[in-house]
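Asker: Have a look; sequence and predicted model below, questions after that.
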Amino acid sequence: MTEVVAAPKPSADPVGKAVNATRRLGEQTAFYGQALAATPDAVRRYPGEVLRLVATMGLGTGALAVIGGTVVIVGFLTLSTGALIAVQGYNTLSNVGIEALTGFLGAFLNVRFIAPATAGVALAATIGAGATAQLGAMRINEEIDALEVMGIRAVTYLASTRIVAGVIAVIPIYTVAVLMSFLATRFGTTIIYGQSRGVYDHYFSTFLQPTDLLWSFTEALAMAAAVMSVHTYYGFTATGGPAGVGEAVGRAVRTSITAGVFILLTITLSVYGQSGNFHLSG
C-alpha cells in the first residue's frame, strides 16, 4: 500500500509579497489620479448624476432616509462628542477652580480636533461604505463592464461623480456637525451643570477664531475627497461575489479612516504646529 504524502506548502516569498504590494499601491494611486483628474469632466458631462448622488448621500435612501440620512447620523455623533467635552471639561477644570474656561474648551477642541475627526469616521461609515457596496454590486453583476462596452467612461461616470458629490454633500453635513457639537457643549455646561450663560459665551466667543473654522472646513473637505476616492476604488475593483463586496467594504472603511486621520494630522501640524495660533487673553 502506497503512503500518500501531502505536498509541502509553498514558502512565503517576501520579495514576491513586496512586489505585489508595490504593484497594488501603484494601481491604487493611478486610479486616484485618474478619478480626481476627471472630476471637471464629470461635472460637465453628468451634472444630473452628481445632483442625484448629492441628494442620496445627504438624505439617504430606503430605511436610512426615514431617520434623515447622513446629516442626522453625523449630527448625532458630534452631539455626543460635544456633550463629552462638557462633562469631562467642566469636571476636570472644576477640580482646579477654573470651570469658567469650559467655554474655551468648547471653542478650541470642537473646531480643531473633535468635530473633524468624528465627521471623518462618520463619512467613512455612511456615504463611503454605501459607495463601495453600490460599485461592488455593479462590478460583480458586470454592469461596469456593460458601461465600458457602451463607450461610457466608467471611472468618470461612477467614481469621479461620487467624489464630487461627496465633497459637495459634506458642506451642509459638516455645518450641522459643528453646530451640534457647539450646542451640546453649551447645553451641558449651562443647563446641566448650571454655569452662567454669560460666562460661557464670553470665553467661547473670545477663543473661537474664524480662521479655525475655515481650516476645520478645509480638513472636512479633504477628508471627504479622500474617503470617496478610497471607497470608489475598492468598490470598482471588488471581486469574489457578495462575500467579496463585503470584504471590500471592510477594507475600504479601514483604509479611509486611516487616510482621514493622516490628513487631519497633516493639516493640523501644518497650521498649528509652529505657533499653535493660540493667544491666551480675555
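Answerer: Sure thing, it's come through. Everything quoted here is computed from the prediction, not taken from an experiment. Numbering: from 1, shown residues only.
Asker: Could you find the residue nearest the spatial middle of the protein?
Answerer: When Cα atoms, centre = their mean is applied to the chain, the residue found nearest the centroid is Gly120 (2.8 Å).
Asker: Pull up the gap between that one and Gly106, please.
Answerer: Noted for Gly120: a distance of 20 Å to Gly106, by Cβ to Cβ, to the nearest Å. C-beta coordinates here come from the backbone N, C-alpha and C atoms, glycine included.
Asker: Ok, Asn95 next?
Answerer: 18 Å.
Asker: and the two? which has more neighbours close in?
Answerer: Gly106 (28 against 8; other Cβ atoms under 10 Å).
Asker: element containing the more buried one, please.
Answerer: helix 102-109 (DSSP states H and E).
Asker: Contacts for that helix, please.
Answerer: 82, 85-86, 89-90, 93, 182, 185-186, 189, 195, 199-208, 278 (Cβ atoms under 8 Å, 6 or more residues apart in numbering).
Asker: Past that helix, which element shows up next along the chain?
Answerer: Immediately after helix 102-109, counting by DSSP H and E, sits helix 115-123.
Asker: Any buried residues in stretch 28-45, and which?
Answerer: Gln28, Phe31, Tyr32, Ala35, Leu36, Ala38, Thr39, Ala42, Val43, Arg45 (16 or more other Cβ atoms under 10 Å).
Asker: per-residue pLDDT, the third one?
Answerer: The model reports Tyr32 with a pLDDT of 89.
Asker: From what I see, it and His231 are in contact.
Answerer: No. Applying Cβ atoms under 8 Å, one finds Tyr32 not in contact with His231, separated by 11.5 Å.
Asker: Please tell me the pLDDT value assigned to Lys177.
Answerer: Check again: residue 177 is Ala, not Lys. As predicted, Ala177 sits at a pLDDT of 88.
Asker: Name the nearest residue to it, sequence neighbours excluded.
Answerer: Once flanking residues are discounted, Ala177 sits nearest to Thr78: 4.2 Å by Cβ to Cβ, 6 or more residues apart in numbering.
Asker: can you check Glu219 too?
Answerer: Pro116 (4.5 Å).
Asker: who's in contact with that neighbour?
Answerer: Counting by Cβ under 8 Å, 6+ apart, Pro116 makes contact with Ser216, Glu219, Ala220, Met223, Leu264.
Asker: Could you check the angle whichever strand or helix holds Thr92 makes with helix 115-123?
Answerer: In the assignment (DSSP H and E), Thr92 maps to helix 70-94. If you take axes from the mean of the first three to the mean of the last three Cα atoms, to 10 degrees, helix 70-94 sits at 140 degrees to helix 115-123.
Asker: Please name every helix or strand in contact with helix 70-94.
Answerer: helix 47-59, helix 102-109, helix 115-123, helix 161-187 (3 or more Cβ pairs under 8 Å, 6 or more residues apart in numbering; DSSP states H and E).
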